[in-house]
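Asker: Could you look at this predicted model? Sequence included:
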Amino acid sequence: DVKVTQSSRYLVKRTGEKVFLECVQDMDHENMFWYRQDPGLGLRLIYFSYDVKMKEKGDIPEGYSVSREKKERFSLILESASTNQTSMYLCASSARLWPGGGKGELFFGEGSRLTVL
Amino acid sequence: SQQGEEDPQALSIQEGENATMNCSYKTSINNLQWYRQNSGRGLVHLILIRSNEREKHSGRLRVTLDTSKKSSSLLITASRAADTASYFCATPNTGGFKTIFGAGTRLFVKA
């Protein structure tokens, strides 16, 4: 079974702390994504990466950074957590459209629910 | 802004009934996808329909696509309590990097 694994299902952090959310996929996918999901706002793309060491801003990158040192791992970093970053964070991966043969379908992890106090 | 918008926002039906959810989008697409999310979990890909297809089936799922109206519908036949979840339509951009999700339809199937 293909798998995207997020390191923590639940985290509680304090304002100002540095937070690392880790995501690993075992499908050899080129593309990886971080979304956040909030009630009434749906899923919003924070950052994505289409190759090792490559990263692109999504729609809401402010307050976040990412790291992709290995193909299978994509980390989301909150440099100084704030209460408005309390959310569900979802990691996803997909195969490259061409020549990877991917269709654009995303494979998601189980999510990391972050609470910032 | 969200490209896909689902309708209705919430739907409550009895087990055995059919559930229909609709999605509208704004720009041209290569394909449209539907995902399911159980409460507190990640999203699971259900079905993909290409822009040159009008209808697609997968088990109890039937998806239609009308590119002239920029709309799609997901029909779940003979629903079960286990179908209780949120359902999202999603449209990838041309490069496939920015998949836009709608706000979702929350389906509740009563046993």
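Answerer: Received the coordinates, thanks.
Asker: For the residue of chain B most remote from its centre, report the pLDDT, please.
Answerer: What lies farthest from the middle of chain B is residue B:111; by Cα atoms, centre = their mean that is 22.2 Å. If you check residue B:111, the pLDDT there is 92.
Asker: Let me see the ranges of the strands in chain B.
Answerer: Taking DSSP state E as the test, the strands found in chain B are B:5-7, B:10-14, B:19-24, B:31-37, B:43-50, B:55-58, B:61-66, B:71-76, B:85-92, B:99-101, B:105-110.
Asker: State the distance from residue B:59 to residue B:38.
Answerer: 17 Å (Cβ to Cβ, to the nearest Å). To be clear about C-beta, it is placed using only N, CA and C from the backbone, and glycine gets the same treatment.
Asker: Also residue A:41?
Answerer: With Cβ to Cβ as the criterion, residue A:41 and residue B:38 are 19 Å apart.
Asker: okay if I get the strands of chain B as TSV plus mean neighbour count and distance to chain A?
Answerer: Below are the strands of chain B laid out as TSV (neighbours: other Cβ atoms under 10 Å in any protein chain shown; distance: least, Cβ to the nearest Cβ, whole Å):
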stretch	mean neighbour count	distance to chain A
strand B:5-7	19	9
strand B:10-14	13	13
strand B:19-24	20	12
strand B:31-37	23	6
strand B:43-50	18	4
strand B:55-58	12	13
strand B:61-66	18	13
strand B:71-76	21	15
strand B:85-92	24	4
strand B:99-101	23	4
strand B:105-110	18	11
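Asker: Of all those strands, which one is nearest residue A:3?
Answerer: For those, proximity to residue A:3 was assessed by Cβ to Cβ; strand B:43-50 is nearest, at 12.3 Å.
Asker: got a list of contacts for the closest one?
Answerer: A:43, A:90, A:92, A:103-108, B:30-37, B:55-56, B:58, B:61, B:63-65, B:72, B:74, B:87-88 (Cβ atoms under 8 Å, 6 or more residues apart in numbering or on different chains).
Asker: okay, residue B:36: pLDDT?
Answerer: Confidence score, pLDDT, at residue B:36: 97.
Asker: Please apply the same query to residue A:2.
Answerer: Model confidence at residue A:2 (pLDDT) stands at 68.
Asker: got it, and residue A:101?
Answerer: We have a pLDDT of 61 for residue A:101.
Asker: and if you look at residue B:29?
Answerer: In this model, residue B:29 is scored at 87, pLDDT.
Asker: My guess is it contacts residue B:90. True?
Answerer: No: with contact defined as Cβ atoms under 8 Å, residue B:29 does not count as touching residue B:90 (10.0 Å).
Asker: Against residue B:75, how distant is the residue farthest from the centre of chain B?
Answerer: Taking Cβ to Cβ, one finds residue B:111 at 20 Å from residue B:75.
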